[in-house]
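Colleague: Let's see this in three dimensions:
(chains A and B)
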Number of protein chains: 2
Amino acid sequence: MSSAEEIAKAAKVAFEDSQLVPSAERVNALRHIREALQSNKNEILAANRQDLEAAQAEVDAGRMSESLLKRLDLDKGDKWDSMLQGVSDVAELPDPTEIVSYAKELDDGLELYRVSCPIGVLLVIFEARPEVVVNITALAIKSGNAAILKGGKESNRTTQLLSQAIAAGLAQSSLPETYVQTIQTRAEVSSLLALDQYIDLVIPRGSNSLVQNIQNNTRIPVMGHADGLCSVYLDESADDEKAVRVVLDSKTDYPSACNSTETLIIHESLLQTTWPVVARALLEANVRLLCDAATLSALQTLSPPPPNLTTLTGPSTPESYTTEHLTLTLSVLALPSLTAAVRFINAHSSHHTDCIVTESERAAAAFCRGVDSAGTFVNASTRFADGFRYGFGTEVGISTGRIHARGPVGLEGLVIYKYMLRSTGARGHVVGDFGAGGKQYKHVDIAAATLPF
Amino acid sequence: MSSAEEIAKAAKVAFEDSQLVPSAERVNALRHIREALQSNKNEILAANRQDLEAAQAEVDAGRMSESLLKRLDLDKGDKWDSMLQGVSDVAELPDPTEIVSYAKELDDGLELYRVSCPIGVLLVIFEARPEVVVNITALAIKSGNAAILKGGKESNRTTQLLSQAIAAGLAQSSLPETYVQTIQTRAEVSSLLALDQYIDLVIPRGSNSLVQNIQNNTRIPVMGHADGLCSVYLDESADDEKAVRVVLDSKTDYPSACNSTETLIIHESLLQTTWPVVARALLEANVRLLCDAATLSALQTLSPPPPNLTTLTGPSTPESYTTEHLTLTLSVLALPSLTAAVRFINAHSSHHTDCIVTESERAAAAFCRGVDSAGTFVNASTRFADGFRYGFGTEVGISTGRIHARGPVGLEGLVIYKYMLRSTGARGHVVGDFGAGGKQYKHVDIAAATLPF
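Modeller: Residues are numbered from 1 along each chain as shown, chains lettered A, B, ... in the order given. As a prediction, the model looks like this:
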């Protein structure tokens, strides 16, 4: 058993040693990993059944939720096959490294290239779902990063066998054996969070409390999101049908997802028109409505009354508007203007994804610029905020941070860049030759998508 | 006097309110700020003289260094004029916001745009040089960020008047008054570092201890660098003239700069050939050499002996190779291979900028990929690592971090992006219409450099 520091150091060395391994070899490693997983399928699923049995006992004893249990199951539906297909899909994505994004000739024979490259060592911490170990391994390897993975303790048996298969696959490539490592205990996580000299980025995927706990206990950069408190604003020019469709989909398509909507803001002018139509559709879909005084009283005078009115509507509290319900519950309020709606969203949302329903292009433009969130949508469900739907071919996670990567994060979020400067001049290049009385910088664009050396 | 929380909250509100102000107005504000500075020049320079007198007393009492005193002087040479010119230069740079970097049609009438936008509220902490308050103000305003600035206490009188001129300039634009605020005390900084709900990025510019102290005391992302421990490696195929020129310039052009070289690594095969030539040039330039056994003994047998040999050469210690000398001192060692040099640099450098002197394209390519630093240079002085020299037109600072921005940072480092998704479909767009039996995502590229709305 290695100490956390040994694991972190080994990851850093593996990362550094891998920098001279061509990227094609990373794709090759993913192929071997897929094969190793497939040929160990029976053992892995047997371990998964043991995890499930232990979890069932926890559920029976009331110490674990049914939904957590379900997420553990690796043999459910097409989960196994789609996990393997995911490895192949990631392998086939374009290489995110060695892309030149800035190239200038600073002087005759002095060329500067900004080139994308991996970040370094990733520490990925997630809960319950064991297939994440495979997803993240594929993403890390494809983008050239070393990784240390920690799954939920409920899936320890499964992730251990998945890790063995990953190691077996890696061993058939020229990538270092310690390129992807798995740890099992929370104590190791705590130790690793202090090792910023070896670990470059922490990616937590799980509950709000998991993410916040990690953010509060490390100086390593953290990429992810704690809350998904999304909202929909019905502007005074909102079309009724669009309003109903967008609100319903945003709330009911998958209520426990981070991109589901938790708050509905109604322009005051719609209280007797669009709002009753939308409310009726929501109540028919069994959505519980926590309303402010204006939106509540607008419902109570309707004739005929909407279904479920007495059972599913009630007054909101100030906390309703900062709560991520994750269930079929929606907080509702009325506001007098677009400006008021933008201010309310900026003060209450988690800066994840917010939507305006409007027929006014001017209102749309103002909302999209004024709302300070990773996603600002017009007449489209907040549920579109997703790496696959955005066309990235994969998703590392969703970030509500303001630097590096924001919103759904694809492979691009796992790379950074470095600057390579090359002198081909007969005497090399020195800055002392430039300046007053000397040479001037040329700063001429070089047309290059890849490095010339 | 406002509390730190009031200042931070005001900055956030100013940032949010500014999102609907067109970027041309930011350029206009910079013009007014330049004018306000110019028309208050006499008062500002008078305050600066007071700061200088107080500092002189500190120097006389042995509590402040001469170099710190010099950096305070705003009236030295063309400093004042170039400070004002800097405001105009930044104003004229291309707008870094509202640039579309990804645009896809997800479905007929459903368009996704990734658009660059400001980060939010910057907290900038710097030491001594009062002109930085003006530089950073220009960068923040140009990129659309609100800013809170804290200068060194030695320049309090000067920065206070600079801030008043900035406020007067802002007041003549439609940007909020609290868009740029200045604070004076360390206690305020400590309070602000805890307010991650209002402050989005901390940029420290100053000593190693200032930067490390900030990194250790906030969960807000920090952009900058603590150390600048750069190195030059002379490969076995190094050309003598290039070696001499690059090493001399890297060490002596401006020894106290972060991009100066602190460590020289010699391939063992050069101990009796290139190394004596380079050492002679360094000793002639009064560079003190801290040598390992091999490089030291190679010098001691030279005939004729190099100048200053006995006074300027001596044995290194392990600490020599992790010390940022910032003076005319260079740590030297010999290693047996390129691989050993890359490993040594990755273990000892601060990942800022490292250089190889070589005639081998293969060695250059391996060094540039294998060395895990923000800049990897071939036959070019480490002193080229600079935003102006790179052609950015400005420099926010130099980052040794691995996410968001790395190396010299231009205006691009002060922006992030958001995703805007717009449905122009007759019924809006919902995810429930996609998937098994429904619609498929199109993911067709849209050719757009700017937003259509």
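
Colleague: For the stretch 251-400 of chain A, which segments count as strands?
Modeller: Assignment of strands within the stretch 251-400 of chain A using DSSP state E, counting those that start in this stretch yields the ranges A:261-267, A:288-291, A:313-315, A:329-335, A:353-357, A:375-378, A:397-399.

Colleague: most tightly surrounded among those strands?
Modeller: Per-residue neighbour counts averaged over each of the strands of the stretch 251-400 of chain A give the maximum for strand A:353-357, namely a mean of 33 (mean count of other C-beta atoms under 10 Å in any protein chain shown). (C-beta placed from N, C-alpha, C; glycine too.)

Colleague: Listing partners with orientation, what would you give for it?
Modeller: The pairing partners recorded for strand A:353-357 under DSSP bridges are strand A:230-234 (parallel), strand A:375-378 (parallel).

Colleague: Export the first one to CSV, keeping only CA atoms.
Modeller: Once side chains and other backbone atoms are set aside, the C-alpha atoms of strand A:230-234 remain, and they are given as CSV (Å, rounded to 0.1, in the frame of the first residue of the first chain):
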residue,chain,number,x,y,z
CYS,A,230,-31.5,27.2,-12.9
SER,A,231,-34.4,29.5,-13.7
VAL,A,232,-36.8,30.4,-16.5
TYR,A,233,-38.1,33.9,-16.9
LEU,A,234,-41.3,34.5,-18.9
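
Colleague: Hey, what's the angle from that strand to strand A:329-335? Just curious.
Modeller: 40 degrees (axes from the mean of the first three to the mean of the last three C-alpha atoms, to 10 degrees).

Colleague: how distant is strand A:230-234 from the center of its chain?
Modeller: Distance, stretch centre to chain centre, for strand A:230-234: 21 Å (C-alpha atoms, centre = their mean, to the nearest Å).

Colleague: Where in chain A is the helix or strand with the lowest mean pLDDT?
Modeller: helix A:66-72 (a mean of 85; mean pLDDT, DSSP states H and E).

Colleague: what phi and what psi does the backbone show at the residue lying closest to residue A:393 once chain neighbours are set aside?
Modeller: Nearest in space to residue A:393, with sequence neighbours left out and distances taken as C-beta to C-beta, 6 or more residues apart in numbering or on different chains, is residue A:93 at 5.0 Å. The phi and psi values for residue A:93, taken as degrees, to the nearest 10, are phi -70, psi 160.

Colleague: Surely residue A:93 touches residue A:142?
Modeller: Yes - checked against C-beta atoms under 8 Å, the pair residue A:93 and residue A:142 is within contact range at 6.5 Å.

Colleague: rewinding a little: spell out which residues sit in contact with the residue nearest to residue A:393, please.
Modeller: The contact partners of residue A:93, by C-beta atoms under 8 Å, 6 or more residues apart in numbering or on different chains, come to A:142, A:393-394, A:411.

Colleague: Also residue A:171?
Modeller: Contacts here follow C-beta under 8 Å, 6+ apart; on that basis residue A:171 touches residue A:177.

Colleague: how near is it to chain B?
Modeller: Summarising the geometry, the distance separating residue A:171 from chain B, computed by C-beta to the nearest C-beta, to the nearest Å, is 22 Å.

Colleague: same question, residue A:360
Modeller: Distance, residue A:360 to chain B, by C-beta to the nearest C-beta: 11 Å.

Colleague: Quick check: nearest residue in space to residue A:5, chain neighbours excluded?
Modeller: Using C-beta to C-beta, 6+ apart and skipping residues adjacent in sequence, the residue nearest residue A:5 is residue A:195, 6.4 Å away.

Colleague: I'd like the distance between that neighbour and chain B.
Modeller: 14 Å.

Colleague: Where does that residue sit, in terms of helix or strand?
Modeller: For residue A:195, there is no host helix or strand (DSSP states H and E).

Colleague: Does it touch residue A:7 like I think?
Modeller: No - at 9.1 Å, residue A:195 does not count as touching residue A:7 under the criterion of C-beta under 8 Å.

Colleague: So those two - more neighbours on which side?
Modeller: Neighbour count, other C-beta atoms under 10 Å in any protein chain shown: between residue A:195 and residue A:7, residue A:7 has more, with 24 against 20.

Colleague: List the contacts of the closest residue to that one other than its chain neighbours.
Modeller: With C-beta to C-beta, 6+ apart as the criterion, residue A:7 has its nearest non-adjacent residue at 5.6 Å, and that residue is residue A:181. Contacts for residue A:181 (C-beta under 8 Å, 6+ apart) come out as A:7, A:10-11, A:147-149, A:163.

Colleague: if I look at residue A:181, how far off is residue A:270?
Modeller: Spatial separation of residue A:181 from residue A:270 under the definition C-beta to C-beta, to the nearest Å is 55 Å.

Colleague: low-confidence ranges in the stretch 1-150 of chain A?
Modeller: With pLDDT under 70 as the threshold, the stretch 1-150 of chain A has low-confidence stretches at A:1, A:128.

Colleague: Close to chain B: what parts of it are there?
Modeller: A:15-16, A:19-20, A:104, A:106, A:110, A:112, A:117, A:119-120 (C-beta under 8 Å from any C-beta of the partner chain).

Colleague: Are any of these buried, and if so which?
Modeller: The neighbour-count test (16 or more other C-beta atoms under 10 Å in any protein chain shown) marks A:15-16, A:19, A:104, A:106, A:110, A:112, A:117, A:119-120 as buried among the residues of the stretch 1-150 of chain A next to chain B.

Colleague: re the thing from before, could you single out the nearest of the contacts of residue A:181 to chain B?
Modeller: Chain B lies nearest to residue A:11 out of the contacts of residue A:181, by C-beta to the nearest C-beta, at 13.0 Å.
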